[in-house]
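Asks: okay, here's the prediction I keep looking at, along with the sequence it came from:
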Amino acid sequence: MQAGLRDAIPQGAVHLCVDMQRLFAEDTPWRTPWMQRVAPVVAMMCDHRPAQTVFTRFVPPSGPDEARRAWRPYWERWSAMTLRELGADYVELMPELARFTPPALVFDKRVYSPWWNGRLHQGLQARSVDTLIVTGGETDVCVLATVLGAVDLGYRVIVAADALCSSADADHDAALQLYSERFGVQIETAPTAEIISGWE
């Protein structure tokens with residue numbers, strides 16, 4: 001499928017910004033080197049419709065002992081990123097994005113997908129939202145889980161290709177190709193400027 005918007009974006013669409021947080025932006029083992037570079041583009045999208053922006057935040061457990069099943073060995077591997085070791089302040093949004101809250105909303109999650117417990121979907125449905133514009137990081141992890149879950153739930157999904165980031169360049173490129181080609185019937189990819197222009 002060809003990249004770009006297929007139709008105008010409805011007024012009630014929501015910008016869903018994935019995990020643009022200090023624990024990924026600053027000097028931690030999970031630092032995403034070019035998150036700082038895409039942050040101004042994400043901020044431009046937020047600034048366009050701050051009241052229609054929802055931020056997700058990935059919240060680690062206090063320690064590996066709080067994790068269940070397959071997440072326990074994961075957090076044993078990444079114990080330095082637990083709240084007990086890292087500090088709760090690192091869960092916060094990047095300062096240049098935190099300024100949009102309120103009116104933007106914040107939705108916390110403990111796993112890759114924001115859809116796992118149904119609360120985000122219920123909140124969006126209560127607002128009659130049927131279109132999501134996705135930005136954030138990482139393109140090949142939490143953004144991937146967000147996008148595919150949104151498709152499963154029947155949302156129109158628009159990925160802002162220049163407002164995504166990853167710590168793995170090759171995987172970022174592969175994920176963008178996956179969105180536009182493999183899932184091109186259900187996922188639209190477009191640059192932020194085109195999205196803002198189509199959401200007037």
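Replies: That came in fine, so what should we check first? Residues are numbered from 1 along each chain as shown.

Asks: make it CA atoms for all contacts and neighbour counts henceforth
Replies: OK.

Asks: and the longest strand for the protein?
Replies: Ranked by residue count, the top strand of the chain under DSSP state E comes out as strand 156-165.

Asks: next one: that one to chain centre, how far?
Replies: Using Cα atoms, centre = their mean, to the nearest Å, we find the averaged C-alpha position of strand 156-165 to lie 9 Å away from the chain's own average C-alpha position.

Asks: who are the packing partners of it?
Replies: Contacts of strand 156-165 with other secondary structure elements, assessed using 3 or more Cα pairs under 8 Å, 6 or more residues apart in numbering; DSSP states H and E, are made with helix 35-48, strand 131-137, helix 142-152, strand 187-190, helix 192-197.

Asks: and Asp27, how far from Gly87?
Replies: From Asp27 over to Gly87 the distance is 13 Å, taken as Cα to Cα, to the nearest Å.

Asks: list the buried residues in stretch 41-61.
Replies: When burial is assessed from 16 or more other Cα atoms under 10 Å, stretch 41-61 yields the following buried residues: 41-46, 49-61.

Asks: pLDDT below threshold where in the chain?
Replies: Segments of the chain classed as low confidence (criterion: pLDDT under 70) are 1-2.

Asks: looking at it, which residue lies furthest from center?
Replies: If you look at how far each residue of the chain sits from its centre, by Cα atoms, centre = their mean, the farthest one is Asp65, at 26.7 Å.

Asks: helix, strand or coil for it?
Replies: When the structure is reduced to helix, strand and coil (DSSP: H, G, I helix; E, B strand; the rest coil), Asp65 reads as helix.

Asks: contacting residues around it?
Replies: The neighbourhood of Asp65, defined by Cα atoms under 8 Å, 6 or more residues apart in numbering, consists of Arg72.

Asks: quick one: it and Val54, what's the gap?
Replies: 30 Å.

Asks: now do Glu96
Replies: For Glu96, the distance to Val54 under the criterion Cα to Cα works out to 15 Å.

Asks: next, count neighbours for Ala3.
Replies: When counting by other Cα atoms under 10 Å, one arrives at 15 neighbours for Ala3.

Asks: need the contact list for it.
Replies: If a contact means Cα under 8 Å, 6+ apart, then Ala3 has 180, 188-190 as its contacts.
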